[in-house]
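>>> Sequence plus predicted model, see below.
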Amino acid sequence: FHEWLGSSYAMIFSHPKDFTPVCSTELSRTAALKPEFEKRNCKIIGLSVDSVSEHTSWESDIADVCDNFKGAPINFPLIADKDRKIAEMYGMIHPAELENLTIRSVFIIGPDKKIKAMITYPMSTGRNFDEVLRLLDSCQLTAKHQVATPANWLNGDDVIIVPAVNDEDAKNKFPEGWKAPKPYLRIVKQPKD
Ligand code: BEZ
């Protein structure tokens, strides 16, 4: 996994079961968004506790129906975690749900191979992959510029200087200055790449 990751970010996400409706929409929608993940240097990898042959056969089903939900044929790897080894390691099996199926987990992994974010949804709720991209943007801004993103932030909105950067260092990093309605709330324009 680490070799495959190289110097990229990755989104690893689990789905409960092959040949199920919500999962089909999720994988296919993610495939359509792959160029957006690539722009952010982020690889995509899915996982369920099914076999390689089940994945392969389901992928051709998805290619047949993806037009129904603004999707695309699967264009990223799917892990066949038949023995649930990876699912157990990542805590993708929830004790209050079924013990033999994964819930809908998302992990953003950084190029340093560390987990940057986790999202967990129940089996009955399809995830919003625009939100995953927003999360990825936020994590990457923090890594690069030491800024945090406020509630409901969207790419291009103002951001917040993280508390770990003191005012002295902030002056060097953000020479155009910032707005501080409170000393701990320092608002700056979103840094450009
Ligand atoms: C689905 O993908 O549609 C699904 C899978 C497991 C439980 C509920 C829904």
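Received the coordinates, thanks.

>>> how about the strands of this protein, start to end?
9-14, 42-48, 78-80, 104-109, 115-121, 147-148, 159-161, 179-182, 185-188 (DSSP state E).

>>> Can you tell me the strand partners of the last one and which way each runs?
To tie it back to what came earlier, the one meant is strand 185-188. Looking at strand 185-188 with DSSP bridges, its partner strands are strand 159-161 (antiparallel), strand 179-182 (antiparallel).

>>> One more: the first one?
Based on DSSP bridges, the strands next to strand 9-14 in the sheet, each with its direction, are strand 42-48 (parallel), strand 104-109 (antiparallel).

>>> thinking again about what came up before, so of the strands paired with strand 185-188, which one's packed in deepest?
Ranked by mean neighbour count, these are led by strand 159-161 with a mean of 21 (mean count of other C-beta atoms under 10 Å). The C-beta positions use only the backbone N, C-alpha and C, and glycine is treated the same way.

>>> what about that strand, average pLDDT?
Confidence over strand 159-161 (mean pLDDT, whole number) is 98.

>>> what comes into contact with that strand?
Strand 159-161 is contacted from outside by 141, 145-150, 153, 170, 173-174, 178, 185-191, using C-beta atoms under 8 Å, 6 or more residues apart in numbering.

>>> filter those residues to the buried ones?
Buried subset of these (neighbour count, 16 or more other C-beta atoms under 10 Å): 141, 145-147, 149, 153, 170, 174, 178, 186, 188, 190.

>>> Can you tell me the closest non-neighbouring residue to F19?
W58 (5.4 Å; C-beta to C-beta, 6 or more residues apart in numbering).

>>> I'd assumed K17 was in contact with that neighbour.
No. Using C-beta atoms under 8 Å, W58 is not in contact with K17; the gap is 9.5 Å.

>>> So for those two, which residues contact both of them?
D50.

>>> Those two - which one has more neighbours?
More crowded of W58 and K17, by other C-beta atoms under 10 Å: W58, with 21 against 17.

>>> Distance check, that one against the ligand.
W58 sits 11 Å away from the ligand, taking C-beta to the nearest ligand atom, to the nearest Å as the criterion.
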